[in-house]
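Q: Structure, please.
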Amino acid sequence: MNIKLAAIAIAIFSVLIIVITIQIYRRNKLPTRVMFMWIFIWLSIGVFALFPKLLDGITNFVNMTIRINFILTSAIFILFLITFYTASKVSIIALKLTRLTQEIAILNYELNKLRPHEEAK
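A: Down below sits the predicted model:
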């Protein structure tokens, strides 16, 4: 496959994924912050696929000699960030769920405590 054809295919795929991401966001299935993160990632992939020379400047700036090393290092870094973000969100939700469960248990206890008094009247 021709390299230019592959670059165009990657760019078209990136645009398609951006459109799908926006549609998912419009259905309220994706938070705004996450939508912008994915749009940025896919836009970067599309731009760097069409203009690979842009990577040369960034690669030289971070003192890497080969473009693919920068791409793989960046991908690993981005995956770590996404994992950290997801893990922190899951932890926050778990804490909220624990708190909610405790509050429901307290309310049930108080409700059961009040019921015998209502029956006695």
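Q: Give the full set of residues in contact with the closest residue to I18 other than its chain neighbours.
A: The spatial neighbour of I18 that comes closest, neighbours along the chain excluded (C-beta to C-beta, 6 or more residues apart in numbering), is W42 at 5.0 Å. Yep, even glycine has a C-beta here, placed from its N, CA and C like the rest. When contacts are counted by C-beta atoms under 8 Å, 6 or more residues apart in numbering, W42 touches 14-15, 17-18, 21.
Q: same check, this time on I78
A: Contacts for I78 were tallied using C-beta under 8 Å, 6+ apart; they are I41.
Q: and it, which of the three is it?
A: Here I78 is helix, with the state taken from DSSP: H, G, I helix; E, B strand; the rest coil.
Q: ok, back up a step: weed out the non-buried ones from the contacts of W42.
A: Neighbour counting over these (16 or more other C-beta atoms under 10 Å) leaves 14, 17-18, 21 as the buried ones.
Q: of all these, which comes closest to T32?
A: Nearest to T32 out of the buried ones among the contacts of W42 is T21 (C-beta to C-beta; 11.4 Å).
Q: Which residue is the nearest non-sequential neighbour of the closest one?
A: The spatial neighbour of T21 that comes closest, neighbours along the chain excluded (C-beta to C-beta, 6+ apart), is W38 at 4.9 Å.
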